[in-house]
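Participant: Take this sequence and fold it.
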Amino acid sequence: MLAIFLKTLPFFALIGLGWGAGRLRFFPEVATEWLTRFVFFFALSAMLFRFAANLSLAEIFDLQFALAYLTGCTVVYALAMTVALARGVTLAEAAVEAQCAIIGNTGFLGVPMLVVLMGAAAAGPVLMVLCIDLIVFSSLITLIITATREGHLSSKIFGALGIGLLKNPMIVSMLAGLIWSAAALPLPAPAEEFLAMLGAAATPCALFAIGASLATKTAERMEVALWLSFAKLILHPAAVAFAALYVFKVEPYAAHVMIAAASLPVAGNVYMLARHYGVAPQRVSASILISTLASIVTVSVVIGLVSQT
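Facilitator: As a prediction, this is how the structure comes out:
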């Protein structure tokens, strides 16, 4: 367990460095925004394309894997929604809280960290988790909030969702990589080196950007944020583990990667959605802050446990 913790420590140290730079105003908010854009549109996209281009669709998509992850997520999502509604919050707020309980920082933290810690073969399962998070649950929260505000769902919202997904550089880069792989075309050496060089910037820049963004977040509504952090860091990986290992009997290594991905802290894009719709952004902000701090320990424990089985 200590060995795993020491391996994860450099990743969280980079987050801490970014937080310090942001807190001291050495790295202002505008710089964090532009660094995040660089990672999102260039570095991480290059990394995802390169991973996908070197994998077949069968190495990424597995029906049992997808069903197991969806089942685990759905159980925790429903629980978080129920707890939120029992407190008397609106359906839109409950959906945002449920999003906090299941959407981890797979893109910025999970992809680079889990591939390093669990091996290159982790890329396929991690990309599958990322696809489900982006396509299924990001769409779901948009539909729920839109339906509660407008009282109905029009065909326009589904068209907007489709366009939004096609504009997401992470989805586009993975899709482009799979198309390249399906065409059985080898990446030219200069292109491979270019993508490797650009993709290598994703890990340090993404982690630094996560830390810098945390510097501006505050821990308000602590009791709710603590509950959501517990749901994300403990209940989510536990539910996913049960579904993957005992219900759907997913291949062990892929199941372990899925469980590790489920243990990641609340994703920053949940805050972006909350701020965009004006639904509980401070609550989400606090959940991201607390879950990221606690994950220094919990992620190491989860990876250590799955590595021993």
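Participant: Every contact and neighbour count from this point should use C-alpha atoms.
Facilitator: Noted.
Participant: Could you point out the helix or strand that follows the helix or strand bottoming out on mean pLDDT in the chain?
Facilitator: Ranked by mean pLDDT, DSSP states H and E, the weakest helix or strand in the chain is helix 155-167, scoring a mean of 76. Sequence order places helix 169-182 as the next helix or strand after helix 155-167, per DSSP states H and E.
Participant: what's that next one packed up against?
Facilitator: On a contact count with 3 or more C-alpha pairs under 8 Å, 6 or more residues apart in numbering; DSSP states H and E, helix 169-182 meets helix 44-53.
Participant: Could you pull up the mean pLDDT of the helix it packs on?
Facilitator: Mean per-residue pLDDT for helix 44-53: 92.
Participant: what about it, distance to the chain center?
Facilitator: How far helix 44-53 lies from its chain's middle: 16 Å, per C-alpha atoms, centre = their mean, to the nearest Å.
Participant: Now do His248 against Phe65, distance only.
Facilitator: Slight slip there: residue 248 is Phe, not His. 8 Å (C-alpha to C-alpha, to the nearest Å).
Participant: before we move on, what about His236?
Facilitator: His236 sits 15 Å away from Phe65, taking C-alpha to C-alpha as the criterion.
Participant: Show me which of these two is the more surrounded one.
Facilitator: Neighbour tally, His236 and Phe65, criterion other C-alpha atoms under 10 Å: the higher count belongs to His236, 28 against 23.
Participant: which secondary structure element contains the more buried one?
Facilitator: His236 belongs to helix 236-242, assigned by DSSP H and E.
Participant: tell me what that helix is packed against?
Facilitator: Judged by 3+ C-alpha pairs under 8 Å, 6+ apart, helix 236-242 is in contact with helix 63-86, helix 252-262.
Participant: Would you mind identifying the next helix or strand past the first one?
Facilitator: Yep, that's helix 63-86 we're talking about. Using DSSP H and E, the helix or strand that follows helix 63-86 in sequence is helix 91-102.
Participant: Now do that following helix and helix 252-262, the angle between them.
Facilitator: Angle between the axes of helix 91-102 and helix 252-262 is 130 degrees (criterion: axes from the mean of the first three to the mean of the last three C-alpha atoms, to 10 degrees).
Participant: Can you give the distance of the next helix or strand after helix 91-102 from its chain's centre?
Facilitator: As assigned by DSSP H and E, the chain's next helix or strand after helix 91-102 is helix 111-118. Taking C-alpha atoms, centre = their mean, the mean C-alpha location of helix 111-118 is offset from the chain mean by 13 Å.
Participant: Now do helix 111-118: which elements does it pack against?
Facilitator: Short answer (3+ C-alpha pairs under 8 Å, 6+ apart): helix 111-118 packs on helix 2-23, helix 123-132, helix 202-214, helix 252-262.
Participant: The first one vs helix 111-118, what angle?
Facilitator: Relative orientation of helix 2-23 and helix 111-118, computed by the same axes, to 10 degrees: 160 degrees.
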